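build the 3D model from these lines:
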Amino acid sequence: MKTQFLPRALVVVLATSLLSIGCAQEKAATPQPELKLDSSPVGDGGGRIVTSYADVVEPVQQAVVSVYSTKIVRERLRVDPFFRQFFGGQIPERQRKLEGLGSGVIVSSNGYILTNNHVIAGADELRVSLADGRELVAKVIGTDEKTDVAVIKIDAEDLPIVTLADSDKLRVGDIVFAVGNPLGVGQTVTMGIVSATGRNNVGILANDQVGGYENFIQTDASINQGNSGGALVDAKGRLVGINSAILSSAAGGNIGIGFAVPTNLAASILNSLIATGKVQRGYLGVAGQDLDPKLAESLGVPASTKGVAITDVVKDTPAAKAGLRRNDIITNVNDRAVDSQITLRLTVSQIVPGTEVTVTALRDGKERTFKVTLGNLDDQAGASSEFIPGVTIKGLDEEVRAQFRIDQRVDTGVVITEIAESSDYADILVPGLVIVEINRRPVNDVQSAKAAIKQGLNLLLVQYRGVPRYVTINVKR
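A predicted model of the protein is given here:
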């Protein structure tokens, strides 16, 4: 599938099959696999001349596999209306197979494999081809559409594995290699550099239903269809990313702009999927705004300060219980620098719910630390509630902001997340609309919105795509 991305017919191309599959059923906790980690930086400042990377690449090749997916599609035959009478009104069906090709990376000796969600999505059968020539059936452990990461497993032991690097230490200019099976030609290694880190809002995972977590490594190492799910490794042969997509011309070829999911993010997804069959994400409970020089000065800190200014703290959330307030400026979470809302959201989402974290914030120009026990984002997602018949709302938090792309200047209110087609208000209200006031009363959460609404005529102050306006609705209970 090709998605319009930029002018001049540039498109985002998912690098292999575009089938769809649900996550594995929730299951009991499973012992975590032993991952091999090396967190040292790749560069040591030396200026030695390197004439070959064969010794670095060869072990990685043994741990990169080809993933073949098969989906059975049933479709009705086209039958002339005249002949339908001979089928008793039943249109015959035929079956055909859709086959997809991608790559994967073995990360544990007992058969756990990292790949992309879109590589295995919708598959009725998965087969994995190993570097030694064996072909084994694989089962799905779990998938995460929001990061395009999936975990599959084969029944085998003593498999070759890759070492995982600390992808946060990756720098622009570091040499990287992409290993996979592009276009089905066989295992291929290409070389390039890290072109950028922390790429987001590139339109690969962002849609209103998914609310993706984009944090891609960009590279000019050649990536093509079939490379998806394969390894992006550094000059020490350590895994720094899972190749996921390319920016391409209409023809679909490589033009030197490829994207990979960072290892740190992929590993956090892998651990959660193996343990529970689903992804559990931490939840803080604040709405915020990126700190720019003018906002920094207005809050009494140097213009060069980086961080996220809290615009609202949701009641009874981990942030509220820890004592964080509006106008606090979050600068670090567990010693990881926070320079934007995207960084804050990604950092918190990768931490297991129930974990106590240290949040560093500036209050009135002075640094303070807060111990916060993170909640579960799934629990917060379940806090949606029917507001009026057929209309569901949710408190304004970082997750719902990302899902509906809500302007950060909107710092209070509740968001309409769903409207039933049969609702009397379907032609007035839309998902993503923020209700700021009801009958001239500010609303900050589901409870205050329900308390403010009344039977009969109601006046709503709303925000939609940055535009405020009044809306009147007549509520009939």
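
may I ask you to confirm that Asn264 is in contact with Asp168?
Yes. Counting by CB atoms under 8 Å, Asn264 touches Asp168, with 5.9 Å between them. Quick note: C-beta positions are derived from backbone N, CA and C, even for glycine.

higher neighbour count, those two?
Taking other CB atoms under 10 Å, Asn264 and Asp168 do not tie; Asn264 has more neighbours (20 against 14).

where's that one, which helix or strand?
Element membership for Asn264, per DSSP states H and E: helix 263-276.

need the contact partners of that helix.
With contact meaning CB atoms under 8 Å, 6 or more residues apart in numbering, helix 263-276 is reached by 23-24, 26-27, 29-30, 32-33, 35, 107, 112, 114, 141-144, 147, 149-151, 164-168, 213, 215, 239-242, 278-280, 346, 350, 352.

from those residues, list just the buried residues.
Among those, the ones that count as buried by 16 or more other CB atoms under 10 Å are 23-24, 33, 35, 107, 112, 114, 141-144, 147, 149-151, 164-167, 213, 215, 239-242, 278-280, 346, 350.

tell me which of those fall in helices.
Among the buried ones among the contacts of helix 263-276, the members falling in helices (DSSP state H) are Leu346.

what bridges to the residue lying closest to Ser167 once chain neighbours are set aside?
With sequence-adjacent residues excluded and distances taken as CB to CB, 6 or more residues apart in numbering, Ser167 is closest to Pro262, at 3.8 Å. Beta-bridge partners recorded for Pro262 (DSSP bridges): Gly241.

gap between Pro262 and Ile154?
24 Å (CB to CB, to the nearest Å).

between the two, which one's more packed in?
When neighbours are counted by other CB under 10 Å, Pro262 comes out ahead of the other of Pro262 and Ile154, with 25 against 22.

quick check: the gap between that one and Thr347.
In terms of CB to CB, Pro262 sits 12 Å off from Thr347.

please apply the same query to Asp427.
For Asp427, the distance to Thr347 - CB to CB - is 40 Å.

out of these two, which sits in the busier spot?
Comparing Asp427 with Thr347 by other CB under 10 Å, the one with more neighbours is Thr347, at 20 against 8.

excluding sequence neighbours, find me the nearest residue to that one.
Thr347 sits nearest to Val333 (CB to CB, 6+ apart), 4.9 Å away.

let me see the contact set for the nearest residue to Gly253 once chain neighbours are set aside.
Of all residues not flanking Gly253 in the chain, Asn224 sits nearest, at 7.2 Å (CB to CB, 6+ apart). Going by CB under 8 Å, 6+ apart, Asn224 touches 15, 182-183, 246, 253-254.

what does Ala156 give?
Here Ala156 is in contact with 110-111, 130, 134, 136 (CB under 8 Å, 6+ apart).

which of the residues you listed sit farthest apart?
With CB to CB as the measure, no two of these lie farther apart than Asn110 and Arg134, at 15.1 Å.

okay, the two: which has more neighbours?
Asn110 (16 against 12).

my guess is the more buried one meets Pro33, correct?
Yes. Contact criterion CB under 8 Å: Asn110 and Pro33 qualify, at 6.4 Å.

strands of the stretch 1-150 of the chain, start to end?
Along the stretch 1-150 of the chain, counting by DSSP state E, counting those that start in this stretch, strands occupy 2-6, 10-14, 37-38, 64-76, 93-106, 112-116, 125-129, 135-144, 149-154.

what's the closest non-adjacent residue to Gly180?
Gly230 (2.7 Å).

if I look at the one you found, how far off is Lys36?
Per CB to CB, Gly230 is found 18 Å from Lys36.

so for the two, which sits in the more crowded spot?
Gly230 (36 against 13).

where's that one relative to Arg326, distance?
For Gly230 relative to Arg326 (CB to CB), the value is 45 Å.

Gly258 now?
Counting by CB to CB, the gap from Gly258 to Arg326 is 41 Å.

do Lys36 as well
44 Å.

contacting residues for Leu239?
Listed by CB under 8 Å, 6+ apart, the contact set of Leu239 reads 60, 105, 107, 162-165, 231-233, 263.

and if you look at Lys36?
161-164.

which of the residues you listed lies closest to Glu399?
Of the contacts of Lys36, the one sitting nearest to Glu399 (CB to CB) turns out to be Leu164, at 27.0 Å.

the closest one pairs with what?
Leu37, Leu239.

test my guess that it contacts Glu34.
No. The pair Leu164 / Glu34 is not scored as a contact, 11.3 Å apart, by CB under 8 Å.
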